[in-house]
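1. with the sequence up front, the predicted model follows.
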Amino acid sequence: MSARIERLVTSGTFSLDGGTWDVDNNVWIVGDDSEVIVIDPAHDAAAVAKAVDGRAVKMILLTHGHDDHVRAARETARLLDAPIRLHPDDRMLWDAVHEEAPDGQIADGDVFEVAGVELEAVHTPGHSPGSVSFVAPALDAVFTGDTLFQGGPGATGRSYSDFPTIVESIRTRLLTLPDETVVYTGHGDPTRIGDEAPHLQEWIDRGH
């Protein structure tokens, strides 16, 4: 059975800098009928476990440390008996939610294998210092968390974020991927690299 990408949408809240907002998050499950990797198991551990449906979970990968993405990670890990990995530059965000450390770190260039395909970690800071995207060339896919969305970069108006940094990450690490690469985002609908690349200068001019 060849590897595929499954999407689960969960709902909850995101809190930072004294504010709280309602959000819907994408949880991405990559694998086949036997084994999977779960990316960003947000909000609802039971719903994630139901979607996994008994398959072996090799790893839980976190694109970044904002609480909407990590708050349910520990409970999900217990339900699925799987280790959690996070880039160390986002430990301050993780530590604001959890007392127990992640099970391992993510470094730029790390490769995670599942169901015969590889996901390569690409450090894409800006939305947060430890934001990471996962590139899966065999699936024509990149999982960008909150770094790149349909219509532009993720938010950079809050603590630990920086607009010039996120634009540089997108320009040098993501828009260099093939145009047909599907961008699987942390919120909202997927897009394609070829649909976003022509708008880079517009984003810079908007400075949003």
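-> Okay, I see it.
2. can you give me the strands in this protein?
-> For the chain, applying DSSP state E gives strands covering 4-16, 19-31, 35-39, 56-61, 84-86, 104-105, 111-114, 117-123, 132-136, 141-145, 148-149, 152-153, 182-185, 191-192.
3. flag every buried residue along the second one.
-> By that I understand strand 19-31. With burial defined by 16 or more other Cβ atoms under 10 Å, the residues of strand 19-31 counted as buried are 23, 25-31. Where you see a C-beta, it was placed from the backbone N, CA and C, and this is true even at glycine.
4. of those residues, closest to residue 110?
-> Minimum distance to residue 110 across the buried residues of strand 19-31 is 15.0 Å, recorded for residue 30 (Cβ to Cβ).
5. was I right to think the closest one contacts residue 139?
-> Yes: at 7.5 Å, residue 30 counts as touching residue 139 under the criterion of Cβ atoms under 8 Å.
6. between the two, what contacts are shared?
-> 3, 5, 117 (Cβ atoms under 8 Å, 6 or more residues apart in numbering).
7. residue 66: which of these is nearest?
-> When the shared contacts of residue 30 and residue 139 are compared for distance to residue 66 (Cβ to Cβ), residue 5 wins out at 22.0 Å.
8. alpha carbons of the helix or strand bottoming out on mean pLDDT in the chain, as PDB, please.
-> Using mean pLDDT, DSSP states H and E, the weakest-scoring helix or strand in the chain turns out to be helix 200-206, at a mean of 90. The C-alpha coordinates for helix 200-206 follow below in PDB (Å, rounded to 0.1, in the frame of the first residue of the first chain):
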ATOM      1  CA  LEU A 200       6.600  37.100  -2.900                       C
ATOM      2  CA  GLN A 201       7.200  40.800  -3.700                       C
ATOM      3  CA  GLU A 202       3.600  41.600  -2.900                       C
ATOM      4  CA  TRP A 203       4.000  40.100   0.500                       C
ATOM      5  CA  ILE A 204       7.100  42.100   1.100                       C
ATOM      6  CA  ASP A 205       5.400  45.300   0.000                       C
ATOM      7  CA  ARG A 206       2.500  44.600   2.300                       C
END
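9. no further questions, thank you.
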